[in-house]
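Colleague: Provided below for reference: sequence and predicted model.
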Amino acid sequence: MMAFSTKTFALALTATLGAFSAPALAQTAATPWELKPDTGYAYDKDGKTFSYKMGTSNAGELLKGAKKVPKGTLFFIGHNGQLYMRSAPYLEGDGKFKFGSDQ
C-alpha cells in the first residue's frame, strides 16, 4: 500500500493549487511525494487531513474495502475546498503539467 505524509500531501496540494492560480511564468518542476510504508492518511468529512501509524495485525480487514489508486492519477483541491482526483491525461506531450499556467 502506498502512502504519503500529511506534510508532503499538503505541500503537493499547495503546489498544485499554486499552479492553477500562478500567472503564466516559467513552470516549476514537479516534486515527488515522500511515501512512507505503515502510515495511513485520511481526508475527513470536514476536509482536514490526518496521518496514522498503522500496524499489521488487522491489515486484512483494512484491505477488504480498499481500492488501488490507478497510476496516472492527479489529486487536487478545487476552489470550493473539495479534494478531487483525475485520471490522466494531465501532462502535455512534452511532459509539462497541462494545467500549470494560463494558456
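Modeller: That came in fine, so what should we check first?
Colleague: Which secondary structure element is home to Gly60?
Modeller: Secondary structure assignment for Gly60, by DSSP states H and E: helix 59-64.
Colleague: Just say helix, strand or coil for the residue nearest to Tyr41 when sequence neighbours are not counted.
Modeller: Closest residue to Tyr41 apart from its sequence neighbours, by C-beta to C-beta, 6 or more residues apart in numbering: Ser51 at 5.3 Å. For glycine as for every other residue, the C-beta is placed from the backbone atoms N, C-alpha and C. Recorded secondary structure, Ser51: strand (DSSP: H, G, I helix; E, B strand; the rest coil).
Colleague: Tell me which residues of the helix holding Gly60 come out buried.
Modeller: When burial is assessed from 16 or more other C-beta atoms under 10 Å, helix 59-64 yields no buried residues.
Colleague: follow-up on the earlier one: how much space separates the residue nearest to Tyr41 from Phe97?
Modeller: Plainly put, Ser51 is 26 Å away from Phe97 if you go by C-beta to C-beta, to the nearest Å.
Colleague: again, but for Pro32
Modeller: According to C-beta to C-beta, Pro32 stands 14 Å off from Phe97.
Colleague: No more questions from me, cheers.
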